[in-house]
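Q: Just need the structure, nothing else, for what follows:
(2 chains)
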Amino acid sequence: MDGALDKLVTLLLEGDAQASLVEGRRVRATGQDGPRLVVAALEAAMDRMGAKCTTEQFNLLEIMLTGRAAMAVVRDTFPDGVGATRGTVVIGTPQGDVHDLGKNVTKMVLAAKGFRVIDCGKDCPVTEMVDAAQREGALAVLVSGLISPVIPLVRQLRELLRSRGLGPVKVVAGGAALKQCAAATLNVDYVAQDAFDGARFLEGLDAVPQ
Amino acid sequence: MNGLERIVTAARFERRAEVPAVPQIFGHAARIAGQPLREYLTDGVVLARCQLAALARYRADAVFAVCDVNVETEALGSRLGYRADAYPSVEHHVLEAPAEVAGLRVPTPTSSGRMPQVLTAARMLRSEVGDTVLVTGFVLGPMTLACQLLGAERALYAAVDEPDAFESVLDFAVEVALAFGQAQLEAGAHLCIVFDPSASPAVVPAAFFRELLADRTRQLQAGLRGHGALANWQHIAGPVLPLLPLYPECLVDIANIDYCVTVAQARAALPGLCLDGNVRSLAFADADPELIARACDELLDAAGPAGFILSSGCEVPLEARPECIDALVAAARRHKA
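A: Next up, the predicted model:
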């Protein structure tokens, strides 16, 4: 990574949204490659945050602060939302579960890593997530669940996708209840232990055309 | 030895003759008794009857005068959405900004929201079981109540953006927990679990707990102990290992761990403190009794000769298989010193 981006990466990791905005503008002003450099800094910050997670120093607060700062820079750099380059994913919390903190954190992480994220919200019927995947040409549906009663709904997702001809669309589960289960138990492609683990799985997929 | 004696022995870290079995049965008791969950959560008499039915069914060592995590915030003005057979959730948080806490008053437990139902349940349970099994009360710890008053995202951002106002919310949360917990003890609970999952290192850094929550937890636990709590039970889930060394100064007697931490790790961090845990809670719904039995045997072997309560480490799911809970209780009963 360009050494000139170190300051922006540091500010993002510190979760300082205002200072990140200012530094992001300074980087952009350095030339026509400015926006690309900003994206590189965002990815570097997220990678470093992700590496921290693998050393069991994961906590939502730090990720939220970095995510908030990253989102501020993304919105400022790409006001028309053209920053997403890695494909589209759909995310939601299934019907019956109104806990959305984990989903929102994952959304920020993925957006900062260059994914276009369609947020179906909380307490969402799984059919709506499938509708969104079809409409938006998603490469994956991410489902977050804090409570165990949503498990039967998660198990339906793959078959619902197949019934719409969306068999190649991956299903990724996460959240306190779901991550206690094996992928086979949930009938999903992957069970993510945290937002970065899910992002790494998605980064390994080939993006499908929009 | 009865159930209460087994738990007291474990809490005092005395060499055990028998292992206490405490599957954390809350709303699952309604399923056992064939009652709609909503009635269980809104009527203290129904709650107590269901808990007694679960006690008769499983013969574990504790009953729980516990509704859900929304009792305090509802009593303070948050609006909940109720469902027929699921726990309620907050639809509108009473605080939109931490500074608004100045306008809140500590609720009167005998007349605020569902708090009186919890007191009714504690009173009825104690009357029925006396000192044969533990009657367990339940209060939210300061971080979790702050999140319930503000909403989790708003609370976490406020902790960074408006630290002074956020600390006022934490102080208020301690006052609420003390008032509610002490009322539960007066009604008959032997102790109150301090439930603070939002203080988990999965949510906030361990330094956050050390700087903002440890003293407040100590204040809360001291207040409960001073009001007659039999022991101080701290319930934080997730990767709690960095917090455990702080528990003695927080006056914790029983440290809950869930499956994210092994008993060996927790024992190394807290060599003289009672642990409770840590069969994976979802296993009670998705595993076989044989697997539960094996997991319990391994835990009991790892726990050492004193200071251990065999437990789920977290609430058993509503849809838990009864034979899996039976397997936990049976494993405890098999093990003798």
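Q: Now residue A:23. Nearest residue, chain neighbours left out?
A: Once flanking residues are discounted, residue A:23 sits nearest to residue A:8: 4.5 Å by C-beta to C-beta, 6 or more residues apart in numbering or on different chains. For the C-beta atoms, the positions are set from N, CA and C on the backbone; glycine is no exception.
Q: How about the helix or strand hosting that neighbour, which residues are buried there?
A: Counting by DSSP states H and E, the element that carries residue A:8 is helix A:6-14. Residues of helix A:6-14 classed as buried by neighbour count (16 or more other C-beta atoms under 10 Å in any protein chain shown): A:8, A:9, A:10, A:11, A:12, A:13.
Q: And for stretch B:145-163?
A: Within stretch B:145-163, the residues scored as buried using 16+ other C-beta under 10 Å are B:145-160.
Q: Show me the subset of those that also lies near chain A.
A: For chain A, the contacts drawn from the buried residues of stretch B:145-163 by C-beta under 8 Å from any C-beta of the partner chain are B:152, B:153, B:156, B:157, B:159, B:160.
Q: Would you mind listing the outside residues contacting the helix ranked longest in chain A?
A: Longest helix in chain A, counting residues (DSSP state H): helix A:34-54. With C-beta atoms under 8 Å, 6 or more residues apart in numbering or on different chains as the test, helix A:34-54 has contacts from A:1-2, A:4-5, A:8-9, A:12-13, A:24, A:27-28, A:30, A:58, A:62-63, A:66, A:70, A:73-74, A:77-78, A:83, A:85, A:109, A:112-114, A:194-197, A:199-200.
Q: now stretch A:8-21
A: For stretch A:8-21, the surrounding residues in contact (C-beta under 8 Å, 6+ apart) are A:1, A:23-24, A:27, A:38, A:41-42, A:44-45, A:48-49, A:62, A:64-66, A:68-70, A:72-73, A:76, B:160.
Q: List buried residues within those.
A: A:23-24, A:27, A:38, A:41-42, A:44-45, A:49, A:62, A:64-66, A:68-70, A:72-73, B:160.
Q: after the longest helix of chain A, next one along is what?
A: Criterion used, DSSP H and E; the element after helix A:34-54 is helix A:60-77.
Q: what does chain A put close to chain B?
A: Residues of chain A lying near chain B by C-beta under 8 Å from any C-beta: A:15, A:56-62, A:64-65, A:68, A:96, A:98-99, A:101, A:104, A:147-149, A:151, A:177, A:180-181, A:185.
Q: Just the buried ones among the residues you listed, please.
A: Using 16+ other C-beta under 10 Å as the burial test, the residues of chain A next to chain B include A:15, A:58-62, A:64-65, A:68, A:96, A:98-99, A:101, A:104, A:147-149, A:151, A:177, A:180-181, A:185 as buried.
Q: will you turn the ones next to chain A among the buried residues of stretch B:145-163 into CSV that also has pLDDT?
A: Shown next, in CSV, are those (pLDDT from 0 to 100):
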residue, pLDDT
B:152, 93
B:153, 93
B:156, 95
B:157, 95
B:159, 96
B:160, 94
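Q: Of the residues you listed, which belong to strands?
A: Among these, no residue falls in strands (DSSP state E).
Q: Do a quick rundown of the strands in chain A.
A: Using DSSP E, strands in chain A cover A:88-92, A:116-119, A:140-144, A:170-174, A:190-191.
Q: Repeat that for the stretch 1-150 of chain B.
A: B:21-24, B:62-64, B:79-81, B:89-92, B:134-140 (DSSP state E, counting those that start in this stretch).
Q: report the angle between the axes of the helix or strand encompassing residue B:216 and strand B:134-140?
A: Using DSSP H and E, residue B:216 sits in helix B:214-226. Helix B:214-226 runs at 150 degrees relative to strand B:134-140, counting by axes from the mean of the first three to the mean of the last three C-alpha atoms, to 10 degrees.
Q: Render the CA-only coordinates of helix B:214-226 in CSV, please.
A: Extracted in CSV, the C-alpha atoms of helix B:214-226 (Å, rounded to 0.1, in the frame of the first residue of the first chain):
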residue,chain,number,x,y,z
ALA,B,214,-16.1,-3.0,36.7
ASP,B,215,-16.7,-0.5,39.5
ARG,B,216,-20.4,-0.3,38.6
THR,B,217,-20.7,-4.1,38.6
ARG,B,218,-19.0,-4.1,42.0
GLN,B,219,-21.4,-1.5,43.3
LEU,B,220,-24.3,-3.6,42.1
GLN,B,221,-23.1,-6.9,43.4
ALA,B,222,-22.2,-5.2,46.8
GLY,B,223,-25.7,-3.8,47.0
LEU,B,224,-27.3,-7.2,46.3
ARG,B,225,-25.0,-9.0,48.8
GLY,B,226,-25.8,-6.3,51.4
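Q: pLDDT of stretch B:311-323, averaged?
A: Averaged over stretch B:311-323, pLDDT sits at 95.
Q: Could I get the buried residue list for it?
A: The neighbour-count check on stretch B:311-323 (16+ other C-beta under 10 Å) flags B:311, B:312, B:313, B:314, B:315, B:316, B:317, B:318, B:320, B:321 as buried.
Q: Looking at these, spot the one nearest residue B:55.
A: residue B:316 (14.2 Å; C-beta to C-beta).
Q: Spatially nearest residue to that closest one, not counting backbone neighbours?
A: Residue B:316 sits nearest to residue B:284 (C-beta to C-beta, 6+ apart), 4.5 Å away.
Q: and that neighbour, how far is that from residue B:301?
A: From residue B:284 across to residue B:301, the span is 21 Å (C-beta to C-beta, to the nearest Å).
Q: circling back to that earlier point, kindly indicate which of the buried residues of stretch B:145-163 lies nearest residue B:89.
A: Here the nearest of these to residue B:89, counting by C-beta to C-beta, is residue B:148; it sits at 10.2 Å.
Q: ok, the ones next to chain A among the buried residues of stretch B:145-163 vs residue B:332, which is closest?
A: Of those, the one sitting nearest to residue B:332 (C-beta to C-beta) turns out to be residue B:152, at 34.9 Å.
Q: Now for that closest one: which residues touch it?
A: A:101, B:198.
Q: for chain A, which spans come out with low pLDDT?
A: Judged by pLDDT under 70, chain A has its weakly predicted residues at A:1-3, A:54-56, A:81-84, A:206-210.
Q: Quick check: can you list the domain ranges of it?
A: Using automatic domain parsing, the domain parsing of chain A gives A:3-77, A:88-203.
Q: between those, which one is nearest to residue B:252?
A: domain A:3-77 (21.0 Å).
Q: quick one on the thing from earlier: which one's more surrounded, residue B:284 and residue B:301?
A: residue B:284 (29 against 10; other C-beta atoms under 10 Å in any protein chain shown).
Q: Give me the distance between the helix or strand that one falls within and the centre of its chain.
A: Element membership of residue B:284 [criterion: DSSP H and E] is helix B:283-286. Counting by C-alpha atoms, centre = their mean, to the nearest Å, helix B:283-286 is centred 20 Å from the centre of its parent chain.
Q: cool, and stretch B:280-288?
A: 19 Å.
Q: partner residues bridging the residue of the stretch 51-200 of chain B found nearest chain A?
A: Per C-beta to the nearest C-beta, residue B:89 is where the stretch 51-200 of chain B lies closest to chain A, at 4.2 Å. Taking DSSP bridges as the rule, residue B:89 bridges to residue B:81.
Q: how many other residues sit next to it?
A: Residue B:89 has 19 nearby residues by other C-beta under 10 Å.
Q: That one contacts residue B:68, doesn't it?
A: No - the criterion here is C-beta atoms under 8 Å, and residue B:89 misses it with residue B:68 at 9.1 Å.
Q: picking up where we left off before, any chance of the ones next to chain A among the buried residues of stretch B:145-163 in CSV, with distance to residue B:44 too?
A: As requested, these are exported to CSV (distance: C-beta to C-beta, whole Å):
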residue, distance to residue B:44
B:152, 28
B:153, 32
B:156, 33
B:157, 36
B:159, 34
B:160, 39
